[in-house]
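J.: Need a 3D model of the following:
(one chain, ligands or ions: 1)
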Amino acid sequence: MDCLLPNFNRKHSAPFPAGQLFLRHRAPIIFSIAFSLPSMSPVFNLLTAPLLLWSLISLPLLSSALLIDPAAGSRSLLRAIGDGADQPDFAVDLNATNFDEVLRDTPATYAIVEFFAHWCPACRNYKPQYEKVARLFNGADAVHPGIILMTRVDCANKINTKLCDKFSVTHYPALYWGAPSKFAGGEWNGKNEKSEIRPIDDGRTADRLLKWINTQLGSSYSLKDEKFENDHLLHPNASDPGQIARAIYDVEEATSYAFELIVEHKMIKPETRATLIKFMQLMVAHHPSRRCRRGSADILVHFDDLYPSNKWLADKHESENSTEHGHLRKFDVCGKEVPRGYWMFCRGSKNDTRGFSCGLWVLLHSLSVRVEDGESQMAFTTTCDFIHHFFICEECREHFYDMCSRVTTPFSSTRDFVLWLWTAHNEVNTRLKETEADSKTGDPKFPKTIWPTKQLCPTCYNNLNQDEDNSSVDWDRDEVFKFITSYYGPMLVSLYKQKDKEQIQMKVNAVSEETLQSTNALVVPAGAALAIAVASCLFGALACFWRSRQKNRKYFHKPQLLKIIGGFCNDFVGKNFSGQEEIGADVNGIWLMCKRK
Ligand SMILES: Cc1cc2nc3c(=O)[nH]c(=O)nc-3n(C[C@H](O)[C@H](O)[C@H](O)COP(=O)(O)OP(=O)(O)OC[C@H]3O[C@@H](n4cnc5c(N)ncnc54)[C@H](O)[C@@H]3O)c2cc1C
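T.: Prediction:
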């Protein structure tokens with residue numbers, strides 16, 4: 001049951017206003033008078049004794065009935081009741097002084113604000129429910145960090161009166177949902193239907209609140225979700241292979257961050273433009289996260305408008321309107337919901353270790369295992385150029401490019417590319433192992449090792465008695481390839497937009513993801529050179545088509561579109577066209593229409 005607010009000023013709207021005011025404001029006075037009077041005059045003893053007795057007996061009773069503790073303060077007592085005094089709160093207490101600042105600064109994509117009143121029994125009962133959900137999203141040990149900041153504001157606290165009024169709170173507890181930035185300095189009056197802040201109409205229990213959230217995000221969070229710990233591992237890099245499943249968050253975050261850096265540092269120049277487009281083509285086809293594939297496709301389709309290829313135009317654009325990079329920023333490459341500022345698989349034991357560079361490696365490996373044989377050389381050169389132009393770490397990109405330059409024979413298979421990237425990464429590991437030992441700049445909990453360790457992949461070692469040292473390890477390269485393909489392949493799938501809650505379902509999804517990958521194939525293995533050309537043409541043609549469909553939606557009818565797509569499928573990829581799928585859910589939808597023969 002909610003606590004309804006009467007129509008008069010909230011300050012006077014407590015269910016027990018007289019009692020509460022009495023206890024909050026009068027009781028201490030009566031106490032002090034009662035205790036001081038006897039010392040003033042013995043004449044008052046007769047008067048004060050019964051009063052004192054009444055106070056001593058009735059006040060604790062009344063206080064506990066009204067949840068007011070004169071000694072400890074109402075808030076602290078309220079916190080102590082319900083879910084145990086020792087348990088920390090997960091939801092963040094906000095007030096008028098920090099509300100805007102906290103919500104402006106949070107890296108979370110969404111915020112929930114609970115407006116409550118500390119005197120409200122329904123709020124007290126609701127608190128454990130709210131906390132159950134907040135446990136998932138808030139705090140250093142959040143299970144799903146960076147997605148939702150869950151907060152509360154005590155409207156019975158005088159300093160919050162204006163703040164609560166701005167959000168037209170009519171009952172307690174009242175929950176609102178929106179982007180944190182919309183809350184900061186924002187308001188809600190219940191009339192503006194287009195407001196980006198919305199009341200949560202069904203969050204009365206933890207289950208229902210989470211269900212409401214899942215509906216908004218297309219997620220499948222469960223109250224039973226537990227944090228995926230890195231800490232319990234004996235050796236983090238020799239971990240349970242299942243750990244990699246969490247790396248999808250990191251790959252998404254690394255992708256978003258990389259793109260943000262590119263935009264912020266204005267790295268899109270006429271000479272780097274083509275590299276970025278090719279890398280994004282690679283992402284559209286092979287990024288392990290569905291939302292990053294979709295986001296990259298969206299950006300690609302609008303790329304010409306946002307960054308004209310004509311240098312003169314680009315320069316003019318730049319000087320006239322230096323916000324064109326800002327336009328790109330509005331395209332979140334992996335969507336708006338990607339958690340930011342957190343790392344799961346790549347979380348270091350210190351703030352300044354691991355994170356982005358680890359996520360970037362995982363992205364590169366996960367792309368490498370997904371390309372087809374015919375795309376391997378293109379994927380290799382695109383990766384080399386991407387790191388060369390867009391990885392801000394000067395030393396890293398130079399070293400990496402040096403390793404790229406040492407390749408003399410074009411790759412003709414996925415295996416070549418996967419194993420080259422693995423070797424290159426191990427070369428970096430070997431170099432850094434020494435540097436970090438000298439400079440002590442590495443993460444003590446994640447020392448550099450030759451990878452995969454024996455613990456992670458015993459079959460990768462021809463001789464298990466050998467030291468795990470790059471120069472001397474006798475690798476079974478077939479086993480290494482098999483291991484890497486499965487490690488960065490099916491296990492690293494998007495956790496989003498999947499309704500199924502159980503782990504087992506993830507495996508099922510991994511299979512469907514694999515199917516998607518295979519139907520996504522850009523090329524038939526009809527020779528590397530042809531394949532590279534076809535891959536680029538196909539995407540260009542499809543993107544072009546998709547774009548024209550967006551722009552000229554009213555001029556095309558479905559049969560015409562089916563015919564055009566059928567033509568693309570047959571001409572470019574030699575695959576049958578299945579017209580069953582509805583046209584144009586997104587670019588992935590178009591890929592899906594070309595079925596293997
Ligand atoms: C392209 C690139 C070049 C870099 N060059 C340099 C450099 O020259 N100097 C420098 O100081 N830093 C460089 N870095 C950063 C450095 O390699 C690490 O990313 C950083 O030190 C963080 O290390 P980490 O412990 O998180 O593991 P990382 O090395 O980032 O590895 C991430 C994860 O990948 C897995 N992994 C490890 N080795 C392999 C492998 N061989 N094959 C497949 N998977 C593996 C492990 O699970 C590991 O946890 C580079 C990063 C990138 C992306």
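J.: who does the helix or strand harbouring residue 434 touch, helix- and strand-wise?
T.: Element membership of residue 434, judged by DSSP states H and E, is helix 414-439. Under the contact definition 3 or more Cβ pairs under 8 Å, 6 or more residues apart in numbering; DSSP states H and E, helix 414-439 sits against helix 356-368, helix 376-390, helix 394-405, helix 477-487. C-beta coordinates here come from the backbone N, C-alpha and C atoms, glycine included.
J.: any chance of those in a markdown table, plus distance to the ligand?
T.: Output for the helices and strands packed on helix 414-439, formatted as a markdown table (distance: least, Cβ to the nearest ligand atom, whole Å):
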| stretch | distance to the ligand |
| --- | --- |
| helix 356-368 | 3 |
| helix 376-390 | 5 |
| helix 394-405 | 3 |
| helix 477-487 | 6 |
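J.: Can you add mean neighbour count and distance to residue 206 and give those helices back as JSON lines?
T.: Below are the helices and strands packed on helix 414-439 laid out as JSON lines (neighbours: other Cβ atoms under 10 Å; distance: least, Cβ to Cβ, whole Å):
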{"stretch": "helix 356-368", "mean neighbour count": "22", "distance to residue 206": "31"}
{"stretch": "helix 376-390", "mean neighbour count": "22", "distance to residue 206": "43"}
{"stretch": "helix 394-405", "mean neighbour count": "14", "distance to residue 206": "45"}
{"stretch": "helix 477-487", "mean neighbour count": "18", "distance to residue 206": "35"}
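J.: and those as JSON lines, adding mean pLDDT?
T.: As requested, these are exported to JSON lines (pLDDT from 0 to 100):
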{"stretch": "helix 356-368", "mean pLDDT": "96"}
{"stretch": "helix 376-390", "mean pLDDT": "97"}
{"stretch": "helix 394-405", "mean pLDDT": "95"}
{"stretch": "helix 477-487", "mean pLDDT": "95"}
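J.: By proximity to the ligand, which residue of the stretch 451-597 of the chain wins?
T.: residue 451 (3.3 Å; Cβ to the nearest ligand atom).
J.: For that residue, grab phi and psi.
T.: Main-chain dihedrals, residue 451, degrees, to the nearest 10: phi -130, psi 140.
J.: That one against residue 429, yeah?
T.: Yes - with contact defined as Cβ atoms under 8 Å, residue 451 and residue 429 form a contacting pair (6.5 Å).
J.: Residue 199: neighbour count?
T.: As a burial measure, residue 199 scores 17 neighbours (other Cβ atoms under 10 Å).
J.: Without its sequence neighbours, what residue ends up closest to it?
T.: In space, residue 199 comes closest to residue 176 once its chain neighbours are excluded; the distance is 5.6 Å by Cβ to Cβ, 6 or more residues apart in numbering.
J.: burial of residue 162, as a residue count?
T.: Per other Cβ under 10 Å, the neighbour tally for residue 162 reads 9.
J.: Look up how far the ligand lies from residue 449.
T.: Taking Cβ to the nearest ligand atom, to the nearest Å as the measure, residue 449 falls 7 Å from the ligand.
J.: Would you double-check that that residue falls in a helix?
T.: No - Residue 449: not assigned to a helix; according to DSSP: H, G, I helix; E, B strand; the rest coil it is coil.
J.: Verify the contact between it and residue 432 for me.
T.: No - using Cβ under 8 Å as the test, residue 449 is too far from residue 432 to be in contact (10.4 Å).
J.: Those two: who's more crowded?
T.: Between residue 449 and residue 432, counting by other Cβ under 10 Å, residue 449 is the more crowded of the two (19 against 15).
J.: That one and residue 368, how far apart?
T.: Counting by Cβ to Cβ, to the nearest Å, the gap from residue 449 to residue 368 is 20 Å.
J.: And for residue 283?
T.: Distance from residue 283 to residue 368, counting by Cβ to Cβ: 13 Å.
J.: Return the distance of residue 183 relative to the ligand.
T.: In terms of Cβ to the nearest ligand atom, residue 183 sits 34 Å off from the ligand.
J.: Report the contact partners of the closest residue in space to that residue that isn't next to it in sequence.
T.: Excluding the flanking residues, the one nearest residue 183 by Cβ to Cβ, 6+ apart is residue 103, at 4.6 Å. Applying Cβ atoms under 8 Å, 6 or more residues apart in numbering to residue 103 gives the contacts 94, 111, 149, 151, 180-181, 183-184.
J.: For this protein, which residues score under the pLDDT cut-off?
T.: Counting by pLDDT under 70, the chain contains low-confidence residues at 1-87, 191-194, 227-243, 309-331, 339-341, 468-471, 493-597.
J.: so residue 412 is in which element?
T.: Per DSSP H and E, there is no helix or strand for residue 412.
J.: Now do it against residue 377, distance only.
T.: 7 Å.
J.: count of residues packed around residue 282?
T.: Residue 282: 24 surrounding residues under other Cβ under 10 Å.
J.: Counting neighbours, which of the contacts of residue 103 comes out on top?
T.: Each of the contacts of residue 103 was scored for neighbours by other Cβ under 10 Å, and residue 183 scores highest at 29 neighbours.
J.: is it true that that one touches residue 102?
T.: No - counting by Cβ under 8 Å, residue 183 stays clear of residue 102, with 9.4 Å between them.
J.: Would you reformat the helices and strands packed on helix 414-439 as JSON lines and include distance to residue 455?
T.: Output for these, formatted as JSON lines (distance: least, Cβ to Cβ, whole Å):
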{"stretch": "helix 356-368", "distance to residue 455": "19"}
{"stretch": "helix 376-390", "distance to residue 455": "28"}
{"stretch": "helix 394-405", "distance to residue 455": "27"}
{"stretch": "helix 477-487", "distance to residue 455": "12"}
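J.: So for residue 417, which of those helices sits nearest?
T.: helix 376-390 (4.1 Å; Cβ to Cβ).
J.: what angle sits between that closest one and helix 414-439?
T.: Here helix 376-390 points in a direction 30 degrees away from that of helix 414-439 (axes from the mean of the first three to the mean of the last three Cα atoms, to 10 degrees).
J.: Just give the nearest non-adjacent residue to the residue of the stretch 51-200 of the chain at minimum distance from the ligand, would you?
T.: Residue of the stretch 51-200 of the chain nearest the ligand, by Cβ to the nearest ligand atom: residue 145 (17.9 Å). Nearest in space to residue 145, with sequence neighbours left out and distances taken as Cβ to Cβ, 6+ apart, is residue 342 at 4.1 Å.
J.: Confirm that neighbour sits in a strand?
T.: No - using three-state DSSP, the assignment for residue 342 is coil, not a strand.
J.: Look at it and say how many residues are nearby.
T.: Residue 342 has 19 nearby residues by other Cβ under 10 Å.
J.: what does the one 10 residues further on give?
T.: Around residue 352 sit 8 other residues, with neighbours defined as other Cβ under 10 Å.
J.: residues from this protein in reach of the ligand?
T.: Within reach of the ligand by Cβ under 6 Å from any ligand atom, the chain has these residues: 237, 346, 354, 357-358, 360-362, 365, 387, 395-396, 399-400, 422, 425-426, 428-429, 432, 443, 446, 451.
J.: The contacts of residue 103: which two are farthest apart?
T.: 94 and 181 (14.7 Å).
J.: Name the secondary structure element that contains the residue nearest to residue 183.
T.: Here residue 103 is covered by helix 99-105, with elements defined by DSSP H and E.
J.: Make sure I have this right: residue 296 is in a helix.
T.: Yes - assigned with three-state DSSP, residue 296 falls within a helix.
J.: so what's the nearest residue to it once chain neighbours are set aside up against?
T.: What sits nearest to residue 296 in space, not counting adjacent residues and going by Cβ to Cβ, 6+ apart, is residue 283, at 4.2 Å. Contacts here follow Cβ under 8 Å, 6+ apart; on that basis residue 283 touches 255, 292-293, 296, 367.
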